[in-house]
Every structure is written in C-alpha cells, then in structure tokens.
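Asker: Show me how the following folds:
(one chain, ligands or ions: 1)
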Amino acid sequence: MKRKTVATSTLSATERRLQRLGLRTPQDCVIHLPIRYEDETQLHRIASARVGQTVQLEGEISYNEVQLRPRRQLVALLRDDTGSIFLRWLHFYPNQQKQVSKGQLVRVRGEIRSGFNGLEIVHPRVSRAGGALASTFTPVYSTTDGLTQPVLRKIIGQALESADLSDTLPDTIRHRFKLMPFAQAVRTLHYPPTQTTLSSLEERSHPAWQRIKFDELLAQQLSLASARALRLEQTATPLNANHEPLFNALRERLPFALTRAQERVINEISQDLSRAYPMHRLLQGDVGSGKTIVAAFAALKAISSGAQVAVMAPTELLAEQHYHKLQAWMTPLGVQVQWLSGSQKSKNKQQVLGSIAGGETQLVVGTQALIQTSVEFHCLGLVILDEQHRFGVGQRLALGQKGEQQVSHAPLLPHQLNMSATPIPRTLAMTLFADLDVSVLDELPPGRRAVVTKLVADSRRQELIAHIHSEIQKGRQVYWVSPLVEESEALQLQTAVDTHAYLQQTLPDLSIGLVHGRLKSAEKTEVMEAFRSGEISLLVATTVIEVGVDVPNATLMVIEHAERFGLAQLHQLRGRVGRGAEQSVCVLLYQPPLSAIARQRLRTMYETTDGFEVARRDLALRGPGEFLGLRQSGVPLLRFADIETDTALVEQAQSLATELLSNARDIAQVHLDRWMKGKHVYLRS
Ligand SMILES: Nc1ncnc2c1ncn2[C@@H]1O[C@H](COP(=O)(O)OP(=O)(O)OP(=O)(O)O)[C@@H](O)[C@H]1O
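Answerer: Residues are numbered from 1 along each chain as shown. Sure thing, here's the model as predicted:
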C-alpha cells in the first residue's frame, strides 16, 4: 500500500494528535483497538448499585451545595424511586454547578465508591436525562491530550467505512484455524454487540481478539522467517576442511570430557559452518554450563579451514577472561591468538591490527570495539558474540548488517554465533529469535552440586562475617557483591569502597580485594588474577563480576541488599559460585521490609537454581518488554498478543508462516503490508 506523506506543518491539530498516536491512515485507525469498554446500554437503579461497579443512573437532583470543608467541593444528591446517592466534584466549573442544580433531571455515569456519608460517585459524567441508550458497548481508546473519546470514536467509525477491510487470509486458511473474518473482528471490537460478554472483550479471549492476535503474530513470524530466508540466500565461505586433527589435539589437552550436550552443540555448529550461507545461531546455556569450550571448538572448526575468528564480549573484563582461556587452550595447538582492546597502547595495537590484516592472527578476542572500529581482516570466517542480548536484542539485525559493512574487506559474509547465559523461555525465543537457529546446552558438567541459597536479614550481618572468616580458613574463597545503587554510579562505587574498608577493618587478617567498573582495565585484571591465584581470599565487587567470571574455588557469595537486584541479575551473580566440585552457598542479604515483588524474587532464588525456571518466573513478573530490556531497544513489541498466554496462537502462526513462505508468498506479502506498517518488510519473490 502506498502511504501518503504529509508535511507536518500542513496538518490540522487533530491530525497532529492522531499522528502522536501513530495513526496516519484509515488502516492504522482500524487497528487502534479499544483498551476497555463501558456499558451505556442500560440504566441502573440506585438501590442496586454496588461499590466498584460502573453505573449509569437517572434521577432528579434533590440537593446541591458548594462545601468549603474539608476542602472546597461541589456536592449534589441524586434521587430515583429506589434511593439516593451523593455526587461529588473536587474541581468544578460554574456550568457544572448549574447542570446539577436542584430539580434537574439528569443521567450520570461513574464508579460507585463508599464515601463518608454513604455511597457516592466522584466526578461523574452528567448529561440530560431521557437520551437514547447506546445500542452497543462503548469502546474506550488510548488517546492523547486534546483528543476526546467521542472525537476519536467518530474518526475510527469513519475509518471503518473507508479502509480496506478485505481479508488477508483466504477462507480455507481461516476455516482451518477457526478464525473470524478480519472485517467482522474489527467491527466487533469497535462496536461490540450487546450479546457479547464484556469480560471476554476485556480479557481478550473473544474470537474477535483471537483473530487480531493471530494476525499480529503471523506478521511477526513472517518478517522473522523472511529475515531468515534472506540469510539463506546470502553466501558465506563454507568452512568444511578436516577439523579432526585440531579437535583431537584440544580434546587431549582438556582436563575433562565434554558433556553430551556440548558434543551435540559442537556438532550442530560444525555443520552450520560447513554450509555456504551464513550461520546465525544462538547458543543458550545456563550459568556454568560450559559455553566457552563450545566456542573454542567452533573457532577451531573455522581455523582448520583457514578462516579467522573474532570473539567479542560486552565488557573488557569478560573479553579478557575469554582471551586468557582461549589462549591457554589454543596457543599450545599452534593457533595465533591476539587481544585487541580500546585501552591498548597504540604501538602494540598497530602491531595487532597489522597481523590481523595480514592473516597471521587466527583468533582475535576483544570488546565490541572489534567490529565498530575499522579493523581489517584478512579472511574473517566466524564472529562469536558473547552475551549478545546485552548489546540489545533489537540491534541484532542492525549488527548483522554492520558486520557486513565493517568486514567488507572479507570477500564473503562471516558466520555468526551468539552466546547467551540468560535462558530465554521457549515461547519468547520463538517469537523473538525465529530468525535464528537455537542450540541449548541443557546439561551441566558432571559433579556440579546445586548452589544452596540462603536468605539472611541484614541484622545477622555479624554472624555472616564470622562465617566468611571460617570458610576462608578452610581454604575457600568468597565474593561479596556490594549493593546496586541505581540512581548514581558514583554512589555505587562509594558503597563498594566503604564495604571493602569495613570488611578489611573487621577481618584484618584476611587479604581482601576490590573490583569495580571504574578501575583501569589493567588494575581489574590484576585484582582478578590475584583472586584467581588465591592471593586474595575475599573479593568485594560491584556487578562487574556479573557475567562470565569463572573462579571454581570460590564457594561462597554474599549479595548485599539483594532486594535491589533483578532476578536475571541475581541468577547470573549466583552463577559465579558452584563452578567446582565443592558445595557452594549464595547468601542473599536483605534489608526488611521487602516489597511484594522483591519478596517474590528472593523466594524464586531460594526455590530454584534452574535458569530456565528463573527466567520463566522473571518473565511472568516483568513481562517480555522488561525481561530482555527490549523496551529500551526499540524492538516493536506485540500490541495485542501476549506470548505468555497465547502460546497456542504463537505456534499456529509460526506453522502458517512457514507454509505461506514456501507456497503462498503473495498472501504473505499482503498480510505483511497490512501489519508491518512503515517497516517495509518485503519478501523476495
Ligand atoms: N564438560 C565439562 N566438564 C567439566 N568442567 C567443564 C566442562 N565444560 C566446562 N567446564 C568448566 O566449567 C566452568 C564453566 O564453564 P564456562 O565458563 O564455559 O561456562 P559458561 O557457560 O560460559 O558459564 P557463564 O555463562 O556462567 O560464564 C569452567 O571452569 C570450565 O572449564
């Protein structure tokens, strides 16, 4: 559909307001659906009105007064032949006062409350008595300043007359999925006939809503599937040389055997890499499931075929840790591994850049700067992104394109492996990552014991400190995570410094380290190294240690003010212990009183150590938008469907999307045109 673009200056005030709501065409107005409904089809009697009910009453005003105490307000009494009820306005205009003068016959509408003198309605809507009653439930729309409900209703009514309401889905498909025709669905939702039940409309279980939700999900699945289809048409270098010599060499050097899940995923990745179109795979694994070694094998597969590999992590701390691990594994195999960071000295950096461009470097590890700065690769075959969602899931497609531009020196597109330690519930993965292939490491290395989580009130801090001391004397190491101070980074830093000073004073015989985001990269590395080697036994840290930090001898973690952290963050932090064979403990130190949501979070942490279960509850508590930080990243969220409750619809939409893309692309395109307004998602024919 062609879209008329109108210069903003020539728009009327109403049009500008409509634009603020994202309503530019009649088609947009048609799917600006009500957020709730009002029942103006009948009149209620005063005697049967109940608190909390929204009613429409008719009667005579028997009393009216402007009271001055406890504050200035207009009070009136409405009487019908069953009883009387107070009406009250805290702000009012003179004509309102006239409207409810004694003896007036009026119709009022509003919610019944229990007031000081009995039942009352505060700020009721008033009109003259005796008007016609509505024949359908009255829709209420989300709106913007200056655009009243009646005006918006009228505009939407006109749009329903002029917009194209023809069905995007043929009858055969509609019948198969038991879907109401589109035109009937939108008409029902804007003008619900009185025989529909209001609750089915408001809870969005009505068949009309089912149709709209299905359409929305179908459009989403089509656009993701078409992104995926596009990728399959692109070309990448197939990395299919014999990898066995390098794989075997690494296997022999490892002090452990790979888990079955690791073997399976390495196999999936190896197959992807040998294909002639770019891999886009998401590797999901709970904390400590051993993703890094999988990444190492993926890198070896690429390197065996003569390609270069770039590994990127969101923070220097994490990137550096990957560097150390990968270097320790790879260098003995004769692989050239390099480190590239923003803070590197320029001379050293030039050398590294030179060896990347010359092809001597086979594996380079760094932060995202690796792809942002114009690093020239000789032959980049694989990009491994750790904790990709931290770069913003919404930027995923953009990042893919950037990869394409930035590494344009590479003759073909590189393969891409994304690793995430935030388990993503299945339905969410289906709706958000349908353009990716997903591998799950669903098995922890053997011998791991689930971390025991304890909830400890802050009043028992001294007891806890004594316990830390005795643990350390047994040769264990301990993390103390200082509280999150969201309002100010400086304050958070100060808290960490204070905590460190306090613990050092209380436990003078221990060597206590401090790591936080403001330390220079080299200083951070030094502290982490000292902790890893056991020189430091207690490490006070901010959330910089949240992801990836791996010190298996650390068996106790204290998270101070645990009630301030989100579930995903608590789970990640807790994942820093329980990485060796010893029993680990995570103490969530909290400051009562707890808010209801904080209590639920702490209870979840206490009840489960399974990342997928934590994620599921997190999703239920926060909703998908907050869950992955999507609200900030600008990903279009679903407006109507709810992936938690509409699982069945998600699955149906996904299967239909696959079917349409393979044998009815014209239908798919028409559907996308209607739903993906302005996003210009075009299918290739
Ligand atoms: N199959 C295995 N058997 C025993 N230990 C393993 C196995 N695989 C990995 N490990 C070890 O388990 C620890 C965790 O591995 P790794 O750091 O790769 O986990 P991860 O999945 O990246 O976790 P996180 O996301 O929490 O950082 C490391 O010390 C690693 O050497």
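Asker: Could you double-check that residue 484 lies in contact with residue 564?
Answerer: Yes - judged on Cβ atoms under 8 Å, residue 484 makes contact with residue 564 at a distance of 4.7 Å. Every residue, glycine included, has its C-beta placed from N, CA and C.
Asker: burial count for the residue nearest to residue 449 when sequence neighbours are not counted?
Answerer: Of all residues not flanking residue 449 in the chain, residue 583 sits nearest, at 5.2 Å (Cβ to Cβ, 6 or more residues apart in numbering). Neighbour count of residue 583, defined by other Cβ atoms under 10 Å: 13.
Asker: Residue 583: what secondary structure?
Answerer: Three-state call for residue 583 (DSSP: H, G, I helix; E, B strand; the rest coil): coil.
Asker: Would you mind confirming that it makes contact with residue 448?
Answerer: No - with contact defined as Cβ under 8 Å, residue 583 does not reach residue 448; the gap is 10.3 Å.
Asker: Next, count neighbours for the nearest residue to residue 136 once chain neighbours are set aside.
Answerer: Nearest in space to residue 136, with sequence neighbours left out and distances taken as Cβ to Cβ, 6+ apart, is residue 191 at 4.5 Å. Residues within reach of residue 191, counting by other Cβ under 10 Å, total 18.
Asker: Please read off the pLDDT at residue 500 from the model.
Answerer: Looking at residue 500, its pLDDT reads 93.
Asker: Over to residue 398?
Answerer: 42.
Asker: hang on, the earlier thing: next one: phi and psi at the residue nearest to residue 136?
Answerer: Per-residue torsions, residue 191: phi -130, psi 70 (degrees, to the nearest 10).
Asker: Ok, residue 108 next?
Answerer: phi -130, psi 150.
Asker: how near is it to the ligand?
Answerer: Using Cβ to the nearest ligand atom, to the nearest Å, we find residue 108 at a distance of 60 Å from the ligand.
Asker: how about that residue, what does it touch?
Answerer: Residue 108 makes contact with 56, 57, 58, 78, 87, 121, 124, 125, 126 under the criterion Cβ atoms under 8 Å, 6 or more residues apart in numbering.
Asker: Kindly report the same for residue 616.
Answerer: So residue 616 contacts residue 425 (Cβ under 8 Å, 6+ apart).
Asker: What mean pLDDT does the helix or strand hosting it get?
Answerer: Using DSSP states H and E, residue 616 sits in helix 611-627. For helix 611-627, the mean pLDDT works out to 72.
Asker: try stretch 56-69
Answerer: Averaged across stretch 56-69, pLDDT comes to 92.
Asker: What sits closest to the residue in the stretch 51-200 of the chain that the ligand sits nearest to if chain neighbours are left out?
Answerer: Going by Cβ to the nearest ligand atom, the ligand is nearest to residue 177 of the stretch 51-200 of the chain, at 39.5 Å. Ranked by Cβ to Cβ, 6+ apart and with sequence neighbours excluded, the top spatial neighbour of residue 177 is residue 652, at 5.7 Å.
Asker: and if you look at residue 323?
Answerer: residue 365 (4.1 Å).
Asker: Quick one: list the elements packing against the helix or strand that neighbour falls within.
Answerer: Element membership for residue 365, per DSSP H and E: strand 363-367. Judged by 3 or more Cβ pairs under 8 Å, 6 or more residues apart in numbering; DSSP states H and E, strand 363-367 is in contact with strand 308-313, helix 316-330, strand 337-340.
Asker: Show residues contacting the shortest one.
Answerer: The set of residues that contact strand 337-340 without belonging to it, under Cβ under 8 Å, 6+ apart, is 320, 323, 326-327, 330-331, 349, 352-353, 355-356, 361-366, 369-370, 375.
Asker: Return the alpha-carbon coordinates of stretch 518-526 using CSV.
Answerer: The C-alpha trace of stretch 518-526 is given here as CSV (Å, rounded to 0.1, in the frame of the first residue of the first chain):
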residue,chain,number,x,y,z
ARG,A,518,36.0,2.5,37.4
LEU,A,519,39.2,0.6,37.8
LYS,A,520,41.6,0.8,34.8
SER,A,521,41.5,-2.4,32.8
ALA,A,522,45.0,-3.4,33.9
GLU,A,523,44.1,-2.9,37.5
LYS,A,524,41.0,-5.0,37.2
THR,A,525,42.9,-7.8,35.6
GLU,A,526,45.5,-7.6,38.3
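Asker: Report the buried residues of that stretch.
Answerer: Within stretch 518-526, the residues that count as buried by 16 or more other Cβ atoms under 10 Å are 519, 521, 524, 525.
Asker: doesn't residue 326 make contact with the residue nearest to residue 323?
Answerer: Yes - the pair residue 365 and residue 326 qualifies as a contact (Cβ under 8 Å) at a distance of 6.1 Å.
Asker: Now the common contact residues for the two.
Answerer: 311, 337.
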